[in-house]
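**Student:** structure, please.
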Amino acid sequence: MAALSDIQAAQPSGSRTTKLAVVGAGAVGSTLAFAALTRGSARTIALLDVNREKVEAEVLDLQHGLMFTSQAHVTGSDDVAVCEGADVVVVTAGAKQKPGQSRIDLAEGTIGLMRKILPGLVDVAPDATYLMVTNPVDVVTYAALKISGLPREQIFGSGTVLDSSRLRVGLAERCGVAVGNVHAYIAGEHGDSEIALWSSASIGGVPLLDWEPVGGARPIDASVRAEVHHEVVDSAYRIIAGKGATNYAVGLAATRIIEAVLKDERRIMPVSSLLDDYYGISDVCLSVPSLVDRRGVTDNVRVPMSDDELAGLRASAESVRAVQKRFGF
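**Tutor:** Numbering: from 1, shown residues only. Next comes the predicted model:
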């Protein structure tokens with residue numbers, strides 16, 4: 001292993017500052033680092049990747065933009081020591097999803113990678129909050145919990161935060177309102193069995209199921225809801241088919257989760273965490289609205305669900321659990 005990269009910006013002095021470690025300098029990891037840098041999410045951003053030439057190039061490129069961001073320190077290496085003392089460790093490294101390949105198909109290679117890298121990460125950053133972004137995120141998060149031995153609140157997945165954003169964008173376009181006026185969640189697996197929680201969705205404070213169209217917009221009836229949900233589930237496949245990878249939106253979504261931790265926001269987000277009797281569902285990592293703060297995921301929020309939504313969530317749990325068992329978890 002090489003020593004820490006020599007191409008580092010000067011370390012800021014003064015009181016203790018926040019440190020974000022990003023594991024994997026591929027499309028998602030490098031975009032996430034860029035998003036965190038431009039948003040001022042953390043004072044230090046450290047990249048770790050097995051490809052030393054790649055990670056040092058990404059660090060240099062990011063450093064060249066430091067004049068245009070809030071003060072920060074950017075470093076990178078192929079040595080896990082670069083992550084030492086991190087407040088948040090984000091794992092983006094994993095098998096790359098190919099066109100037509102499901103997220104579940106990625107599980108074997110990615111779980112094998114977690115067995116190799118997690119022990120070293122926990123050694124250098126035992127107190128960090130760990131955010132898993134690599135797919136299939138629910139299965140990988142469950143495996144990471146078992147491999148690392150960390151408490152359930154300390155390690156969780158990005159889950160359906162991005163999917164929920166996709167849902168809100170689709171609804172906002174059809175309702176003719178700003179995305180910020182739409183509140184709706186995708187829950188369950190980050191994948192084909194995910195469900196939309198229509199019962200708790202709202203637009204400008206109005207329950208979605210009671211929403212009356214404005215400005216000539218279409219009614220949000222059952223057929224439109226089905227259309228929007230299909231777009232959400234299918235969107236990653238469309239993006240991968242067209243450009244090879246999803247990176248911008250997932251980078252922003254993960255950065256928003258990171259900020260909820262570093263700033264102790266106590267924000268409710270649909271992240272993937274280990275459930276314990278959530279509407280009778282246990283021992284599986286799934287996305288449900290959850291409280292995120294500096295400790296990680298501290299609680300799951302029981303939002304109202306219809307019978308169909310609850311049945312869908314339980315079916316999603318069984319789908320993910322079946323994959324866990326296939327890999328010995």
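**Student:** go through the lengthiest helix in the chain and flag the buried ones.
**Tutor:** Counting residues, the longest helix found in the chain (DSSP state H) is helix 222-243. For helix 222-243, a neighbour-count test (16 or more other Cβ atoms under 10 Å) marks 225, 228-229, 232-233, 235-237, 239-240 as buried. Using the backbone N, CA and C atoms, a C-beta is placed for each residue, glycine as well.
**Student:** could you do stretch 209-224 as well?
**Tutor:** 211, 220.
**Student:** ok, now stretch 38-54?
**Tutor:** 38, 41-49, 52, 54.
**Student:** from the residues you listed, pick the one nearest residue 132.
**Tutor:** For the buried residues of stretch 38-54, the residue nearest residue 132 by Cβ to Cβ is residue 48; the value is 14.6 Å.
**Student:** quick one: residues contacting that closest one.
**Tutor:** By Cβ atoms under 8 Å, 6 or more residues apart in numbering, the contact list for residue 48 reads 21-25, 55, 76-80, 82-83.
**Student:** tally up the residues packed near the closest residue to residue 294 other than its chain neighbours, please.
**Tutor:** Distances taken as Cβ to Cβ, 6 or more residues apart in numbering put residue 264 closest to residue 294, at 4.0 Å, once the chain neighbours are dropped. Residue neighbour count, defined by other Cβ atoms under 10 Å, stands at 11 for residue 264.
**Student:** try residue 292
**Tutor:** 29.
**Student:** may I ask which helix or strand encompasses it?
**Tutor:** Taking DSSP states H and E as the definition, one finds residue 292 inside strand 290-293.
**Student:** what are the pairing partners of that strand, and which direction each?
**Tutor:** In its sheet, strand 290-293 lies beside strand 267-269 (antiparallel), strand 296-300 (antiparallel), with partners assigned from DSSP bridges.
**Student:** kindly reformat the ones you listed as JSON lines containing distance to residue 61.
**Tutor:** Below are the strands paired with strand 290-293 laid out as JSON lines (distance: least, Cβ to Cβ, whole Å):
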{"stretch": "strand 267-269", "distance to residue 61": "30"}
{"stretch": "strand 296-300", "distance to residue 61": "31"}
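**Student:** among those, which comes closest to residue 89?
**Tutor:** Nearest of the strands paired with strand 290-293 (Cβ to Cβ): strand 296-300, 11.4 Å.
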